[in-house]
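>>> here's a sequence, model it:
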Amino acid sequence: MKKAWTMATIAILTGIVFVIGLYKVPPTMVLLMSDLQIDMTVVGLTMSVCAIAAMIASLPGGAIMQKFGPKSVGIAAIIMAALGCIIGIVSNNFTVFLIGRALEGASFGIIAIVVTTIIAIWFPAEKRGLPMSIFTLWVSFGMLIIFNVTNLIVPSFGWRGVWWLHLLLLGVFLVLFATVINYPEKQVDSGQQSVQPQVSILEGFKSLGAWILGIIFLLYAVGNVIFNTYYPTFLQQSLGLELSTSNFYTSIATLGMLFCGVTIGIVLNKVKNKNHPFLLFLAMILSTAVSYYQFRITAIAYLPVILFFFGVIWQMVPPILHTIAPDVATGPETIPATLSVVTVCSAVGGMIGPVILGPIVAAANGNWAATGFPLLLILFVGVLASVFLMFMMKKKYQVTKKQETASVEVG
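Numbers count the residues shown, from 1 in each chain. Presented below is the predicted three-dimensional model:
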C-alpha cells in the first residue's frame, strides 16, 4: 500500500501542476490585456478555449489510454502542456497565445483521466475513497498556490515569469512521472502466463453506468460552477458587500471543501462499496437543496458558517462519484474510457452553468433568488439519476458477490 500511495502522490501532484497552468491567467489577466492589447471580453477566451479543448480531448483521451496506458498518455500530456507553455512565453500576439492555451486545456482534460486511472489501478475498491477524495481537491490546491505565488513573481519577472515557473514545474514532474510511475505487478496462477483479452477501444463507452454517472456529474456541475463562479458577485449585488469582503467570505467555502475532501475520503474507506451509490444519492439531495437556497441568503452575520457548510456540501459529490466510476466500468481495461465519459460530462455541465444563470437573473431584474427553482429542477433530475444508479449497482454488486462465492466454492 505504501507503493500505491507513492504512485497516487506523484500523480495527484502532477495534476496540481496542471491546475497551476490552467489558472495562471486570472491573476495575470490585467498584464495580459495590456501586453497583448485585448479587452475584457476577448481575454475571457483564454479560459473558455481551455474548457472547450479539455472537453474535446477527454473522450478520445480515455480511449487512447485504454490502448497505451496512463503512464505513456500522462507523459504525452505533460509534453503537450509544456509545448503550450512555451508557445505562451514566445507569443507576441493574442492568436499565437490562444494556440498555446488550447494545448494546455487539452492536456488538462487528459491528465484528469490519467490521475484517476492510476489511483483506480493501484488501490483496491475498498481503499480507493481517500486518494480519490484528495485528488478532487486538486483545483482548490492549484488555485491556492498560483494566486499567491504570482504576487511574488510578477513584480520582478512579469507575467512571463509565471509561465517560466509553470514550465519548470512541468519539467520536474515529467522526470518524476517517467521514472516513478509504473503499474502493479499482476499475479500469475500456477506458473501460467497471464493473458489479457483484447478489448475494443469502443467497449469502454458501452457501460450504461458510466453514462448515468456522467449525467449525474453534468447536472451537479451546472449548480457547482454557478456557485464557484458567481457567489462573490451575488454577495456584492444582493447583500451590498465590497469586492474584498465578498471574496473573503467566498473563500470560507473553500475551507469547507478542503475539510470535506479529506473527511469524505475516510468515510468512503469505512463504508462498503455497495453502499457508495446510496452516499451519492444523499450527496445529490444535499447539493440540490443548497442550489435552491444559496442565492436566498440574507443574514450577513451567519455567512461564515453558512458558506463553510455550502463548501462541505458542494465537495461531497466528486469524490463519491469518482470512487464509484471504476465499479461501473465493464472491466478493468475500460476504466479509462469510463472516467473519460465522466470528465467530458462534467466539462459540459461546467459550460452550461454560466450560460443559463445570466439570462435568469436578468429576466428577474437582478433578483438572484429567481435561480433557485430552475437549479432545483436541474439537480433534481440528477437525484433521480442517482436513484436509478443505486438500483442498477445493487444488482451488479449482487452478481459480483455470487461470482466470488462460486469461485471460492470451486477453489
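>>> low-confidence ranges in the stretch 1-150 of the chain?
40-41, 44 (pLDDT under 70).
>>> ok, which stretches of it are helices?
Secondary structure of the stretch 1-150 of the chain (DSSP state H, counting those that start in this stretch): helices located at 2-22, 29-36, 40-43, 45-68, 70-90, 94-122, 129-135, 138-180.
>>> buried ones in whichever helix or strand comes after the last one?
Moving toward the C-terminus from helix 138-180, the first helix or strand encountered (DSSP states H and E) is helix 208-239. Within helix 208-239, the residues that count as buried by 16 or more other Cβ atoms under 10 Å are 209-228, 230-232, 234-235, 238-239. For the C-beta atoms, the positions are set from N, CA and C on the backbone; glycine is no exception.
>>> ok, now stretch 268-279?
Under 16+ other Cβ under 10 Å, the buried positions of stretch 268-279 are 268-269, 271, 273-274, 276-279.
>>> just the closest of those residues to residue 47, please.
residue 268 (31.3 Å; Cβ to Cβ).
>>> now the closest one: how far from residue 156?
44 Å (Cβ to Cβ, to the nearest Å).
>>> could you do residue 339 as well?
Counting by Cβ to Cβ, the gap from residue 339 to residue 156 is 40 Å.
>>> again, but for residue 246
Distance from residue 246 to residue 156, by Cβ to Cβ: 30 Å.
>>> of these two, which one has the most company?
A count of neighbours by other Cβ atoms under 10 Å puts residue 246 above the other of residue 246 and residue 156, at 20 against 7.
>>> against which helices or strands is the helix or strand encompassing the more buried one packed?
According to DSSP H and E, residue 246 maps onto helix 243-270. Contacts defined by 3 or more Cβ pairs under 8 Å, 6 or more residues apart in numbering; DSSP states H and E place helix 243-270 against helix 129-135, helix 138-180, helix 208-239, helix 276-293, helix 303-314, helix 317-328.
>>> and residue 353, which of those is closest to it?
Between the helices and strands packed on helix 243-270, helix 208-239 lies closest to residue 353; by Cβ to Cβ that is 4.0 Å.
>>> mind listing what residue 378 touches?
219, 222-223, 291 (Cβ atoms under 8 Å, 6 or more residues apart in numbering).
>>> now do 10 Å
218-220, 222-223, 226, 288, 291, 349, 352-353, 356 (Cβ atoms under 10 Å, 6 or more residues apart in numbering).
>>> could you report the distance from it to residue 224?
Residue 378 is 11 Å from residue 224, by Cβ to Cβ.
>>> then residue 61?
Applying Cβ to Cβ to residue 61 and residue 224 gives a distance of 22 Å.
>>> what is the neighbour count of residue 370?
15.
>>> just use 362 as the starting number from now, easier for me
Sure thing, new numbering starts at 362, so read that last one as residue 731.
>>> surely it touches residue 722?
Yes. Counting by Cβ atoms under 10 Å, residue 722 is a contact partner of residue 731 at 6.7 Å.
>>> intersection of neighbour lists for those two?
residue 656.
>>> quick check: domain ranges of this structure?
362-543, 563-763 (automatic domain parsing).
>>> and the first one, how far from the chain's centre?
Between the centre of domain 362-543 and the centre of its host chain there is 12 Å, according to Cα atoms, centre = their mean, to the nearest Å.
>>> which ones are touching the residue nearest the centre of the chain?
Compute the mean C-alpha point of the chain, and by Cα atoms, centre = their mean the closest residue is residue 497, 5.8 Å away. Residue 497 is in contact with 373, 477, 618, 621-622, 625-626, 676-684, counting by Cβ under 10 Å, 6+ apart.
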